[in-house]
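>>> have a look; sequence and predicted model below, questions after that.
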Amino acid sequence: MIKILLVEDDKGIVSSLTEFLNSEGYEVKNASGQSEALALLKAETFDLALLDISLSDGNGFSVCSAIKKDYSVPVIFLTASADEYSTVTGFELGADDYVAKPFRPRELISRIKNVLRLTGGAGNLIHLEDVTVDTVKGTATKNGKDLFLSALEYRLLLYFLNNRGVTLSRTRLLEAIWDVAGDFVNDNTLTVYIKRLRDKIESDPQNPTIIKTVRGLGYKVDN
């Protein structure tokens with residue numbers, strides 16, 4: 001079961017949102033402030049965090065910064081602060097999405113599923129030949145050695161892993177990995193990143209066996 005940390009100090013929202021998420025099959029733990037949230041993160045493992053910005057103790061930006069520094073958990077900001085400054089600040093701190101209140105519950109579920117898909121879902125180890133991806137720590141290793149993937153390289157690799165056996169067109173890849181801050185990845189940049197990713201994960205990048213080219217159609221990672 002996917003476990004969500006809800007950091008929100010409005011008791012009404014906590015109650016209704018927890019009930020709704022539980023009905024959708026998610027386990028929810030709530031923290032009303034920054035210190036309580038950090039204590040829960042230290043004591044338990046979570047697959048995703050929903051953060052409000054204004055808290056009874058501290059603020060959501062500080063919680064997000066700590067999460068991205070120490071826990072590599074996907075973050076969705078859930079707040080009435082829908083101004084441009086708050087949005088940009090959240091993304092600069094590493095937030096994966098931003099949903100303004102009031103929101104439609106079904107839209108939130110869709111956003112949660114999309115973020116989990118792009119970040120590897122409920123974290124575990126994924127093996128692909130001699131490459132291992134740890135979606136909890138957000139790392140990728142080859143024969144036990146860290147590959148030091150950039151954020152975009154990591155997101156690209158996860159998207160391939162989440163679509164094993166599927167031929168992915170360049171258009172679909174571009175749509176999947178565009179920068180959440182609004183800077184779209186263009187076609188030439190995609191070519192560069194696929195080359196960089198192959199250079200790191202393939203034993204022979206000139207003859208790739210992991211990320212294969214399907215001529216005229218795109219790329220595929222086999223099951």
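Right, received. Where do you want to start?

>>> could you pull out the buried residues of stretch 56-71?
Going by neighbour count (16 or more other Cβ atoms under 10 Å), the buried part of stretch 56-71 is Gly58, Asn59, Gly60, Phe61, Ser62, Val63, Cys64, Ala66, Ile67, Lys68, Tyr71. All C-beta spots, glycine's among them, are computed from the backbone N, C-alpha and C.

>>> burial of the residue lying closest to Leu55 once chain neighbours are set aside, as a residue count?
Nearest non-adjacent residue to Leu55, counting by Cβ to Cβ, 6 or more residues apart in numbering: Gly33, 4.8 Å away. Neighbour count of Gly33, defined by other Cβ atoms under 10 Å: 17.

>>> repeat that for Val192.
Residues lying near Val192 (other Cβ under 10 Å) number 12.

>>> now do Ile112
For Ile112, the count of nearby residues is 23 (other Cβ under 10 Å).

>>> would you confirm that it belongs to a strand?
No - with DSSP: H, G, I helix; E, B strand; the rest coil as the criterion, Ile112 is helix rather than part of a strand.

>>> I'd say it and Val28 touch.
No - look at Ile112 against Val28 with Cβ atoms under 8 Å: they stay out of range, at 11.3 Å.

>>> shared neighbours of the two, anything?
Residues touching both Ile112 and Val28 (Cβ atoms under 8 Å, 6 or more residues apart in numbering): Ile4.

>>> would you mark the buried spots in the helix or strand of the chain with the lowest mean pLDDT?
Using mean pLDDT, DSSP states H and E, helix 84-92 stands out as the lowest-scoring helix or strand of the chain, at a mean of 73. For helix 84-92, a neighbour-count test (16+ other Cβ under 10 Å) marks Ser86, Thr87, Thr89, Gly90, Phe91 as buried.

>>> out of those residues, who's nearest Asn22?
Gly90 (25.9 Å; Cβ to Cβ).

>>> and the closest residue to the closest one other than its chain neighbours, what element?
Spatial nearest neighbour of Gly90, excluding adjacent residues (Cβ to Cβ, 6+ apart): Phe77 at 4.7 Å. Taking DSSP states H and E as the criterion, Phe77 maps to strand 75-79.

>>> pick out the residue nearest the middle of the chain.
In the chain, the residue lying closest to the centroid (Cα atoms, centre = their mean) is Thr119, at 3.3 Å.
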